[in-house]
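Student: here you go, sequence then predicted model.
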Amino acid sequence: MLKFFFAKKSCAFASHVALEEVQANYEAIQINLEAGEQHSESFIKVNPKKRVPALVTPNGTITETIAILQFISSMYPEKKLMPTDPFLQAEAQSFNSYLASTVHVAHAHKHRGLRWTRDKVALDSLTTHVTENMDACAKFIEYNLFKGPWVLGKRYSVCDPYLAVITRWFKEDGVNLKQYQAITEHNNLIGTRPAVQTVLKLHDLT
C-alpha cells in the first residue's frame, strides 16, 4: 500500500486526484500545516523538506508534485494519464514544470515571502505584485500552453488536476478569470470527474 501525505487546499490536490483516478491502493494521511505538523519529528522522517505532498512507496519516498504525478502515471499506464509519445510526454512535463517553477512561486510570494527576504519593504512589494504576476501566468497558459478541452488536447492527463490547483490560486490571488475562457471552461469540465469530486470533499473545497 502507498501512503500519501497531504494538506487540505494545498498543491497536493493534484497528486491526490491522480491517485483516485487510477484507483490506487493508498492511505491518505493529512498534515495540518496551520498547526505546524510539517515540522514534527515524525513527518520530517517522511520528508525532510517539511512540505507536502509526499508519497511513501515500497521503494522509498517521492516528493514534489511533478515527480509524484509521473510516478503514478507510470505505475498505471493502462489509465493513460501521461502520453507515451516522447515529444508529447515532454510537452506534458514542460507544462507541469511551468506550473511548479513559475506559477507556484508567483503565488507563494503572497504567503511565503519570508522564503526570499525578511525586509518589510521587499515583502510588501512581493505581495503587491502577486495579482499582476499571476494574471500574466494565466494569460500565458490561456494563449500559449492550453490546447483544449484538456490541457494537452482531447485526452485527460495528470496536467489537468495540476491546472485545477492553479486555477483556484488564480481566483484567490485576484485574477479576473472571466477574461480567460479556456481556463474557466476547463475548471468547469474537470469538476465533473468523480475522482475530482471525491478529492474536493477531502480537501474541504466543495
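Tutor: It's in.
Student: count of neighbours near the nearest residue in space to residue 148 that is not next to it in sequence?
Tutor: Of all residues not flanking residue 148 in the chain, residue 182 sits nearest, at 5.6 Å (C-beta to C-beta, 6 or more residues apart in numbering). Quick note: C-beta positions are derived from backbone N, CA and C, even for glycine. Residues lying near residue 182 (other C-beta atoms under 10 Å) number 16.
Student: ok, residue 182 - contacts?
Tutor: 142, 146, 148 (C-beta atoms under 8 Å, 6 or more residues apart in numbering).
Student: what does residue 148 give?
Tutor: Counted by C-beta under 8 Å, 6+ apart, residue 148 has contacts 182, 185, 186.
Student: just these now: which is nearest residue 159?
Tutor: residue 186 (10.2 Å; C-beta to C-beta).
Student: re the thing from before, which ones among the contacts of residue 148 are found in strands?
Tutor: Assignment to strands by DSSP state E places none of the contacts of residue 148 there.
Student: which among these gets closest to residue 77?
Tutor: residue 186 (24.2 Å).
Student: got the CA positions of stretch 44-54 in PDB?
Tutor: Extracted in PDB, the C-alpha atoms of stretch 44-54 (Å, rounded to 0.1, in the frame of the first residue of the first chain):
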ATOM      1  CA  ILE A  44      10.500  15.200   8.900                       C
ATOM      2  CA  LYS A  45      11.400  11.500   8.800                       C
ATOM      3  CA  VAL A  46       9.000  11.200   5.800                       C
ATOM      4  CA  ASN A  47      10.000  14.400   4.100                       C
ATOM      5  CA  PRO A  48      12.900  16.500   5.400                       C
ATOM      6  CA  LYS A  49      11.800  19.300   3.200                       C
ATOM      7  CA  LYS A  50       8.800  19.700   5.600                       C
ATOM      8  CA  ARG A  51       6.400  20.100   2.700                       C
ATOM      9  CA  VAL A  52       3.600  18.200   1.000                       C
ATOM     10  CA  PRO A  53       2.800  16.200  -1.000                       C
ATOM     11  CA  ALA A  54       4.900  13.100  -0.100                       C
END
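Student: who's in contact with that stretch?
Tutor: 4-7, 10-12, 15-16, 31, 33, 38-39, 43, 56, 61-63, 65, 68.
Student: got the contacts of residue 182 as TSV, with pLDDT columns?
Tutor: Formatted as TSV, the contacts of residue 182 follow (pLDDT from 0 to 100):
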residue	pLDDT
142	98
146	98
148	98
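Student: ok, residue 20 touching residue 199?
Tutor: Yes - between residue 20 and residue 199 there is a contact under C-beta atoms under 8 Å: 5.9 Å.
Student: pretty sure residue 177 contacts residue 167?
Tutor: Yes - contact criterion C-beta under 8 Å: residue 177 and residue 167 qualify, at 7.3 Å.
Student: joint contacts of those two?
Tutor: Counting by C-beta under 8 Å, 6+ apart, the shared contacts of residue 177 and residue 167 are 183, 187.
Student: neighbour count for these two, which is higher?
Tutor: Taking other C-beta under 10 Å, residue 177 and residue 167 do not tie; residue 167 has more neighbours (20 against 15).
Student: just for the chain, where's the confidence low?
Tutor: The chain contains residues with pLDDT under 70 at 112-126.
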